[in-house]
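Enquirer: got a predicted structure plus its sequence, pasted below:
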Amino acid sequence: MSAWDSRRFRILECRIRETVTGKRHVIDVPFYIYLYKPELELECIREFKNLVIRLRKDKIIAETISLASLMIDSLEHLGCLDEQFLSEEKLRRKEIYEDLERELPKEIAKRLKNMLKDKDVSHCVILLRAGSLFPFVHISNLLTRLEGSVRCTLVLPYPGNKEGNMLNYQGRSVRTYYRGEII
């Protein structure tokens, strides 16, 4: 089993601290994408929750938001968890897939914008469980939708080997998000 990359994680923590305290100027958006191996998901969650504890101890405002929870809330809002919808799912699988791929990123982005609208760069938000959105929501699509509306320091642990290859998925190519810093 692969080990957690503590050196890169310390670099990320240093950049977060510098950004939220104004010691690091970010040209475009204060978005950080931290790549990790998908099999380290539980360790990732633990490491980032501990990071929030350390930041708070130093009087830095930090929080985590579960993208899995946002997805469930969004699916419920879109009516995708209703009994009737679920009973028709097998008959309309391709159509539903296309609908979810189009509508789910919009709904999740809307919820995030609402949650983060009053937070500035001194506030650190870590979006956990990005893998739960796959294959309906590509992180690059979500970050593009947040750009210009979200001003807080946003950290996204990303389960893959590079942005665009989420979960080491080798399927169709996706547009990559180039403004955030990949660590």
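Expert: Looks like it arrived, so ask away.

Enquirer: so the residue of the chain positioned farthest from its centre, which of the three states?
Expert: In the chain, the residue that sits farthest from the middle, by Cα atoms, centre = their mean, is Leu91; the gap is 31.1 Å. Following DSSP: H, G, I helix; E, B strand; the rest coil, the label given to Leu91 is coil.

Enquirer: then the one 3 residues further on?
Expert: In the three-state summary, Lys94 is assigned as helix, counting by three-state DSSP.

Enquirer: tell me the contacts of it?
Expert: By Cβ atoms under 8 Å, 6 or more residues apart in numbering, the contact list for Lys94 is empty. Any C-beta I mention is one placed from the backbone N, CA and C, and that applies to glycine too.

Enquirer: need the distance between the two termini of stretch 18-33.
Expert: With Cα to Cα, to the nearest Å applied, stretch 18-33 spans 16 Å between its terminal residues.

Enquirer: which positions in it come out as buried?
Expert: Of the residues in stretch 18-33, 19-20, 26, 29-33 count as buried by neighbour count, 16 or more other Cβ atoms under 10 Å.

Enquirer: all helices of this structure, in order?
Expert: With DSSP state H as the definition, the chain shows helices at residue ranges 6-20, 41-57, 67-77, 83-88, 93-116, 139-146.

Enquirer: can I get those helices in JSON lines including distance to Leu154?
Expert: Shown next, in JSON lines, are those (distance: least, Cβ to Cβ, whole Å):
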{"stretch": "helix 6-20", "distance to Leu154": "10"}
{"stretch": "helix 41-57", "distance to Leu154": "13"}
{"stretch": "helix 67-77", "distance to Leu154": "12"}
{"stretch": "helix 83-88", "distance to Leu154": "32"}
{"stretch": "helix 93-116", "distance to Leu154": "8"}
{"stretch": "helix 139-146", "distance to Leu154": "7"}
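
Enquirer: check what pLDDT Lys162 gets.
Expert: Predicted confidence (pLDDT) for Lys162: 57.

Enquirer: with Tyr34 instead?
Expert: 94.

Enquirer: and it, what does it touch?
Expert: 8-9, 12, 155-158, 183.

Enquirer: what's opposite it in the beta bridge?
Expert: Beta-bridge pairing of Tyr34 under DSSP bridges involves Pro157.

Enquirer: which of the buried residues of stretch 18-33 lies closest to Ser132?
Expert: Set against Ser132, the nearest of the buried residues of stretch 18-33 by Cβ to Cβ is Ile33 (16.3 Å).

Enquirer: how far out from the middle of the chain is the lowest-mean-pLDDT helix or strand in the chain?
Expert: Across the helices and strands of the chain, mean confidence by mean pLDDT, DSSP states H and E is lowest for helix 83-88: a mean of 81. Offset of helix 83-88 from its chain centre (Cα atoms, centre = their mean, to the nearest Å): 29 Å.
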